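Undergrad: Here is my input, please return the structure:
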Amino acid sequence: MIAFSGAKFAGDKFSADKFSAARALPPIEPLTAAQAAYLAALRSSPQVIVVGPAGTGKTWIAATYAADLYRTRKIARIVLSRPNVPCGRSLGFFPGSLNEKFAPWAAPVIEAIKERIGKAAFDIALKNGDIEMVPFEVMRGRSWKDAFVLLDEAQNTTPAEMKTFLTRVGENCLTVVDGDVSQCDLPAESGLGTAIDLIRTRDLPVPVIEFRREDIVRSGLCAMWVEAFETLEAQPRT
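TA: Residues are numbered from 1 along each chain as shown. The predicted model follows:
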């Protein structure tokens with residue numbers, strides 16, 4: 001098990017008892033065998049890679065698990081990153097601060113954390129730097145410790161970006177890398193695919209959790225369209 005220590009935060013104004021009492025929430029319950037394996041990996045490994053189609057809970061489970069660790073003061077910070085690669089036509093530059101510019105890219109993760117700890121607690125944590133959104137443009141030279149570090153939509157990282165991200169992680173961190181290699185929007189090799197290949201060829205001690213179409217829990221419509229497009233993409237091109 002990861003040796004997260006909540007005692008160091010006992011003197012905080014948001015102590016574990018006070019923070020938890022305000023939001024007594026049920027534990028995360030897996031809906032599929034793959035989700036159960038994912039949660040087991042989060043509890044037993046400092047790094048987890050999770051891949052699969054949309055709607056399987058990859059991002060939601062990671063964000064909710066991170067929120068619970070922070071809410072119970074088992075970690076000091078939540079660090080969020082995501083490649084700034086649009087899935088369609090770009091809308092151009094977003095105005096505002098760094099967090100405001102990055103927020104649209106991290107919206108699914110932010111909403112899941114807000115649901116778990118509350119909007120007010122989220123806003124305070126963001127203001128205090130306990131929740132940080134870090135785009136790749138400012139990542140080099142950074143390092144993190146005592147944190148939950150999430151890289152979402154990792155299929156859109158290049159191998160160089162994946163190396164930069166994974167080498168930022170310091171002591172007492174839980175790192176999750178999630179994505180769907182089939183939805184890569186890059187014209188070249190995906191850093192997520194590279195990381196998985198390195199894990200398997202070098203037998204690295206990092207669990208890779210794979211979700212499949214039958215693990216989709218978002219909705220029946222989501223599962224229907226994933227299946228339809230997978231069938232289309234599998235057809236030979238003429």
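
Undergrad: ok, the most centrally placed residue in the chain - contacts?
TA: Nearest to the geometric centre of the chain sits Leu150, at 3.7 Å (C-alpha atoms, centre = their mean). Applying C-beta atoms under 8 Å, 6 or more residues apart in numbering to Leu150 gives the contacts 62-63, 66, 78-81, 109, 175-176, 178. C-beta here means a position set from N, CA and C on the backbone, and glycine is covered the same way.

Undergrad: which one among the residues you listed gets closest to Asp123?
TA: Checking the contacts of Leu150 against Asp123 by C-beta to C-beta gives Ile78 as the nearest, at 13.6 Å.

Undergrad: Distance from the longest strand anywhere in the chain to the middle of the chain?
TA: When secondary structure is assigned using DSSP state E, the longest strand within the chain turns out to be strand 173-179. Relative to its parent chain, strand 173-179 has a centroid offset of 6 Å by C-alpha atoms, centre = their mean, to the nearest Å.

Undergrad: Return the mean pLDDT over it, rounded to an integer.
TA: Here strand 173-179 scores 95 as its mean pLDDT.

Undergrad: Parallel or antiparallel, which strands does it pair with?
TA: Sheet pairing for strand 173-179, assigned by DSSP bridges, gives strand 47-51 (parallel), strand 147-151 (parallel).

Undergrad: As a check, name the ranges of all helices in the protein.
TA: Ranges of helices in the chain, per DSSP state H, are 16-22, 33-44, 58-71, 98-102, 107-117, 119-128, 159-166, 191-201, 220-234.
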